[in-house]
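> what shape does this take:
(one chain, ligands or ions: 2)
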Amino acid sequence: MENINKVIVSSCRKYDSEEILKVLTTHIQKLNLFEKLKNSKKILIKPNLLGPHLPQEAVTTHPEFLKAVIKLSKTQPDKQIIVADSPSVLNFEEVVTKTGIKQVCQQEGVELVNLSTYPTVDFEFNKFNLKKITISKIIKEVDFIINLPKLKTHSLTILTCAVKNMYGLVPGMTKSVYHKYAPHPKDFLEIVYAIYNHARPDLTIVDGILGMEGDGPAGGEVRNFGVVISSIDALAVDWYILKHILKVSYFSFYKSSQLKPAEIIYEHIEEPLQFKKIKLPKTISILSKFPSWILDILKNFIWFKPKIDKQLCVRCGKCYQICPQKTIKVVNKNFEIFYDNCIYCFCCQETCPYKAIKTIRSPLYEFVLTIKDNLKQLLRW
Ligand code: SF4
Ligand code: SF4
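Ligands and ions are numbered 1, 2, ... in the order given. So this is what the prediction gives:
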């Protein structure tokens, strides 16, 4: 237990599984996890397989990264290693093929499991009119869980990384349904943390070599962070990323009890990594500081919303399928969002494989942000 909030951070610039494996071997030694991993017979590796994206788009866990983690797990020949996730979109085959994950699993001879169709278990929640939360039963069947998130910003929760990756245990479309119960990010995070507390991984390893900034987790810009981060404690990993990489000074909807300050250990580098300013999602800048009752008052003047760019849309219908409010409709063969019922969960943007759903802000919101930026510039002078 003594290593519970140690976060090991290493510089790693390219996707070379041998190089990554060297880094990870040091990490698990530092975390004293080697024996536990060696003695575990059935290991679950949970990557981020958000949707059908190419590895270089930095939306999903990179296949070379996964390969290194599989090799790390093969400490004994008799181990059963399972790679599993539940993408929001329905076509698992398309996702695992396009991301390169299927090929790596075949090469390494490990099982690849679709958690959207896997048996489930429920646990009691009793909040926001949501009595029970359903997650994959697989967590009860394995004796070591490796959580393998990608370092990305997130339009709803600022960050999608260590804790949020375990939300992938919720089968397929049920993920978007839970947004209906908790539309405010603070409330939604309570669901995310409840799942994490119910299914705590033994080890979290962040693929932060290529990540995403801006309107993540799928519609942002690729960013070369060049970093690999490991810990036993996903809460400490997210704390480190929010504080030292995204440099978010306010954690307004991350309750302090949900984040755990970490002891940071830099390995393979001379001095702490410095990250130049990261672009945060357009949704975040100001609104996340306010409670929901103030947002309700301001909503007619200061707002942001998803909008489909007709030039980029290929009419695949994935946003239509995922929308928990069924507020995306087909009009004259084009997909359109009708905002009356929209809860601004951004599941549509997260799911669109073509970055065709943009975030737009009200003129007043843009004006306030311009003033804020100008003031910042003036203060620097
Ligand atoms: S917006 Fe994106 S997900 Fe929706 S139909 Fe168009 S391309 Fe598909
Ligand atoms: S349109 Fe998009 S943001 Fe609005 S409810 Fe549907 S999925 Fe959520």
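
> going forward, measure contacts and count neighbours with C-alpha atoms only.
Noted.

> low-confidence ranges, this protein, go.
Low-confidence segments of the chain (pLDDT under 70): 1-3, 249-258, 270-272, 284-292, 295-296, 299, 376, 379-381.

> near ligand 1, which residues of it show up?
Taking CA under 6 Å from any ligand atom as the criterion, the chain approaches ligand 1 at residues 308, 313-319, 335, 352, 354, 356-357.

> buried residues, the lengthiest helix in the chain. List them.
Using DSSP state H, we find that the single longest helix of the chain is helix 363-380. Buried residues in helix 363-380, counted by 16 or more other CA atoms under 10 Å: 365-366.

> and it, how far out from the chain middle?
Computed by CA atoms, centre = their mean, to the nearest Å, the chain-centroid distance of helix 363-380 equals 29 Å.

> what residues are up against Lys132?
Neighbouring residues of Lys132 by CA atoms under 8 Å, 6 or more residues apart in numbering: 122-126.

> if it is in a bridge, with which residues?
Glu124 (DSSP bridges).

> helices or strands up against the host helix or strand of Thr26?
Element membership of Thr26, judged by DSSP states H and E, is helix 17-30. Packed against helix 17-30 by the contact rule (3 or more CA pairs under 8 Å, 6 or more residues apart in numbering; DSSP states H and E) you find strand 6-11, helix 63-73.

> go again with 6 Å.
Under the contact criterion of 3 or more CA pairs under 6 Å, 6 or more residues apart in numbering; DSSP states H and E, helix 17-30 touches helix 63-73.

> angle of whichever strand or helix holds Gln106 against helix 63-73?
Under the criterion of DSSP H and E, Gln106 resides in helix 101-108. Angle, helix 101-108 to helix 63-73, by axes from the mean of the first three to the mean of the last three CA atoms, to 10 degrees: 40 degrees.

> returning to what we had before: who wins for most neighbours among the contacts of Lys132?
Tallying neighbours with other CA atoms under 10 Å puts Phe125 at the head of the contacts of Lys132, with 16 neighbours.

> now do the contacts for it.
131-132 (CA atoms under 6 Å, 6 or more residues apart in numbering).

> what about the residue lying closest to Lys41 once chain neighbours are set aside, distance to Ser176?
Nearest non-adjacent residue to Lys41, counting by CA to CA, 6 or more residues apart in numbering: Lys79, 5.0 Å away. Computed as CA to CA, to the nearest Å, the Lys79 to Ser176 distance reads 34 Å.

> the more surrounded of the two?
Taking Lys79 and Ser176 together and counting by other CA under 10 Å, Ser176 has the greater number of neighbours (20 against 16).

> doesn't that one lie inside a helix?
Yes. Assigned with DSSP: H, G, I helix; E, B strand; the rest coil, Ser176 falls within a helix.

> any idea how far the most centrally placed residue in the chain lies from Gly216?
Of all residues in the chain, the one closest to the mean position by CA atoms, centre = their mean is Thr160, 3.2 Å from it. Thr160 sits 8 Å away from Gly216, going by CA to CA.

> shared neighbours, those two?
153-154.

> secondary structure element holding the closest residue to ligand 1 within the stretch 151-300 of the chain?
Residue nearest to ligand 1 within the stretch 151-300 of the chain: Gly219 (10.1 Å; CA to the nearest ligand atom). According to DSSP H and E, Gly219 maps onto no helix or strand at all.

> could you find the closest non-adjacent residue to it?
Lys355 (4.8 Å).

> what about the one you found, how many residues close to it?
18.

> I'd guessed it sits against Pro217; true?
No. Lys355 is beyond contact range of Pro217, at 10.4 Å (criterion: CA atoms under 6 Å).

> returning to what we had before: can you name the residues bridging to the residue nearest to the centre of the chain?
Beta-bridge partners for Thr160, by DSSP bridges, are Lys152.

> that one and Lys150 touch, don't they?
No. Look at Thr160 against Lys150 with CA under 6 Å: they stay out of range, at 7.6 Å.

> what is the burial count for Leu151?
Counted with other CA under 10 Å, the neighbours of Leu151 add up to 33.

> what about stretch 268-284, near ligand 2?
No. Applying CA under 6 Å from any ligand atom, one finds stretch 268-284 separated from ligand 2 by no less than 11.6 Å.
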